[in-house]
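Trainee: Could you look at this predicted model? Sequence included:
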Amino acid sequence: MNITLSDISLLLRLILDILVVWALIYYALRIVRNNTRTIQITKGILFIIIVQGLSTLLGLNALSFLISIFVNWGVVVIVIIFQPEIRAMLEKFGKSSSILGANVSKEEQINMIEELVRACEQMSKTKTGALISIQRNSSMEDYVHTGIEMDSVVSSELLGTIFQYGTPMHDGAVIIIGNKIACAAAYFPPTTKDLPSKYGARHRAAVGISEITDSITIIVSEETGNISVAMNGQLTQYKPEGLSRLLRNLLVPDTEKPTSSPLFRPIIDTAKSLGFNRSRRQSETRKQQNVDERIQPLEIVDLTRQGVNTHGKAK
Ligand SMILES: Nc1ncnc2c1ncn2[C@@H]1O[C@H](COP(=O)(O)OP(=O)(O)OP(=O)(O)O)[C@@H](O)[C@H]1O
């Protein structure tokens, strides 16, 4: 059998086509899964598609006509409704890692984590409420503009001062980009999910921002002093040592590996954010390590699962 160059080219194009479509579906499903709003809207769209199928099958022409008008305009409606999610997805594809983007060295990043964890530990002891979000691949510029803009290297003293009760900037969130505080007193859109009643507006805001960006958001509870982290719509409680390990795992780039050419950086970053850079075993080990760092399993609020009662205990 003769395989020509055009056959190989056709095969490569086919593989590329499948990979791109797969990545788009994978991303879309991830966005839908992590956000109650998108789950509800997707259910609505599926319902309309089923009704249209049935109406065509049963010959209900008027209903079928009405739905077809709706479907024709549906693309525009979907783009408008999903605008924040589509934007987040495109930014994720197009932007390089915030660490690389902000040109932060490994030492600076480690120093930022140490200062941040020290601040959280101190605020936890004094029960000072805090909400701190670290930008990763998705841009948080829009949220920076809702607060008081700053450009200061992260230090535990500065974070402690910002969240000091009664000061003008203590209300709202701090956003960290690279190793700098980009703003204080920022507003995050709260989640629409049903959270256990012990979680108030601060935790809602943290979960909300974690649903629409890939940020890491740390909450220190004013009520209990507990430190929690919101990521991908999930809230997990950590001890300071666990928090430090988690942040190092997620934020400190692996410098032993050779750095990639700037041309391929966006592709590699996207692949990394999709989890292609880690072997399954490495990712399992890290996951396990993070699970071990959690303060206690019963305190984990897995918001993607339905079986959570009002005390935050998984059924
Ligand atoms: N949408 C928001 N964006 C940013 N910060 C917010 C938002 N909503 C509330 N906050 C912050 O959370 C504070 C109120 O927290 P609240 O006590 O209601 O929440 P909580 O989750 O019960 O936290 P805690 O355990 O600390 O009491 C506000 O003073 C404000 O600083």
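Mentor: Alright, I've got the coordinates.
Trainee: And the next helix or strand past the helix or strand harbouring residue 20?
Mentor: Under DSSP states H and E, the secondary-structure element containing residue 20 is helix 5-33. Remark: after helix 5-33, the chain's next helix or strand is helix 36-58, criterion DSSP H and E.
Trainee: Tell me the helix or strand right after that following helix.
Mentor: Heading C-terminal from helix 36-58 (DSSP H and E), you reach helix 61-81.
Trainee: Who are the packing partners of that next one?
Mentor: helix 36-58 (3 or more C-beta pairs under 8 Å, 6 or more residues apart in numbering; DSSP states H and E). Placement of C-beta: from N, CA and C, glycine included.
Trainee: buried set for the helix or strand residue 249 falls within?
Mentor: Element membership for residue 249 (DSSP H and E) is helix 240-251. Neighbour-count burial for helix 240-251, counted by 16 or more other C-beta atoms under 10 Å, picks out 240, 242-247, 250-251.
Trainee: and if you look at stretch 213-227?
Mentor: Under 16+ other C-beta under 10 Å, the buried positions of stretch 213-227 are 213-222, 227.
Trainee: So which of these belong to strands?
Mentor: 216-220, 227 (DSSP state E).
Trainee: So which bits of the stretch 201-315 of the chain are right by the ligand?
Mentor: When proximity is defined as C-beta under 6 Å from any ligand atom, the stretch 201-315 of the chain approaches the ligand at 201-203, 205, 221-223.
Trainee: quick one: which of those residues is nearest to residue 44?
Mentor: residue 205 (25.9 Å; C-beta to C-beta).
Trainee: want to throw the ones in strands among the buried residues of stretch 213-227 into CSV with pLDDT?
Mentor: Below are those laid out as CSV (pLDDT from 0 to 100):
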residue, pLDDT
216, 97
217, 97
218, 98
219, 97
220, 97
227, 96
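Trainee: would you list those in JSON lines and tack on distance to residue 188?
Mentor: Below are these laid out as JSON lines (distance: C-beta to C-beta, whole Å):
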{"residue": "216", "distance to residue 188": "13"}
{"residue": "217", "distance to residue 188": "8"}
{"residue": "218", "distance to residue 188": "13"}
{"residue": "219", "distance to residue 188": "11"}
{"residue": "220", "distance to residue 188": "15"}
{"residue": "227", "distance to residue 188": "18"}
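Trainee: Low-confidence regions, the stretch 201-315 of the chain specifically.
Mentor: Counting by pLDDT under 70, the stretch 201-315 of the chain contains low-confidence ranges at 254-315.
Trainee: Would you check how far apart residue 252 and residue 106 are?
Mentor: 6 Å (C-beta to C-beta, to the nearest Å).
Trainee: Spell out which strands sit alongside the helix or strand residue 229 falls within in the sheet and which way each one runs.
Mentor: Secondary structure assigned from DSSP H and E places residue 229 in strand 227-231. Note on strand 227-231: by DSSP bridges, its sheet partners are strand 216-220 (antiparallel), strand 234-238 (antiparallel).
Trainee: Just send those back as a markdown table, with distance to residue 82 too.
Mentor: What follows is the strands paired with strand 227-231, written out as a markdown table (distance: least, C-beta to C-beta, whole Å):
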| stretch | distance to residue 82 |
| --- | --- |
| strand 216-220 | 22 |
| strand 234-238 | 21 |
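Trainee: closest one to residue 182 among these?
Mentor: Closest among these, once you apply C-beta to C-beta, is strand 216-220, at 13.9 Å.
Trainee: dump the residue contacts of the residue in the chain positioned nearest to the ligand.
Mentor: Residue of the chain nearest the ligand, by C-beta to the nearest ligand atom: residue 200 (2.4 Å). Not one residue lies near residue 200 by C-beta atoms under 8 Å, 6 or more residues apart in numbering.
Trainee: pLDDT score for it?
Mentor: Note for residue 200: predicted pLDDT of 93.
Trainee: Nearest residue to the middle of this protein?
Mentor: In the chain, the residue lying closest to the centroid (C-alpha atoms, centre = their mean) is residue 214, at 2.4 Å.
Trainee: tell me, how many neighbours does the nearest residue to residue 209 once chain neighbours are set aside end up with?
Mentor: Spatial nearest neighbour of residue 209, excluding adjacent residues (C-beta to C-beta, 6 or more residues apart in numbering): residue 188 at 4.1 Å. Residues near residue 188, counting by other C-beta atoms under 10 Å, number 28.
Trainee: Sweet, I'm off.
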